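Asks: Any chance you can model this:
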Amino acid sequence: MIGKIIGAAVGRRIAGRYNGGTGLLVGALAPTIARRAFGPLGLAVGGAYLAKKLWDRRNRAAATRTY
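Replies: Model (predicted):
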């Protein structure tokens, strides 16, 4: 359900750039293309982002530690 809501928002934003039938077609196809093409890529990017945040937190904690 969340994927459909996000897809609709992306489609609406892309369709707003075009007029008439072209906007309708692009808006209708955008969510489908985004879901199929960026699913695994989005998972990889999200995992990398999370790993970077944890790495930075660990480094900050090590820098503030006094021995």
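
Asks: mean confidence for the biggest helix by length in the chain?
Replies: With secondary structure taken from DSSP state H, the chain has its longest helix at helix 20-64. For helix 20-64, mean pLDDT is 81.

Asks: so what does it touch, helix or strand wise?
Replies: helix 2-15 (3 or more Cβ pairs under 8 Å, 6 or more residues apart in numbering; DSSP states H and E). The C-beta positions use only the backbone N, C-alpha and C, and glycine is treated the same way.

Asks: what mean pLDDT does the helix it packs on have?
Replies: In the prediction, helix 2-15 has an average pLDDT of 68.

Asks: Going forward, count from 53.
Replies: New numbering, starting at 53: the last item is helix 54-67.

Asks: Around Pro83, how many other residues sit close by?
Replies: Counted with other Cβ atoms under 10 Å, residues neighbouring Pro83 total 20.

Asks: Check the gap between it and Leu95 for me.
Replies: 18 Å (Cβ to Cβ, to the nearest Å).

Asks: can you pull the contacts of Leu102?
Replies: Applying Cβ atoms under 8 Å, 6 or more residues apart in numbering to Leu102 gives no contacts.

Asks: any idea how far it is from Ala61?
Replies: 23 Å.

Asks: And for Asn111?
Replies: 35 Å.

Asks: Same check on Thr118?
Replies: 48 Å.
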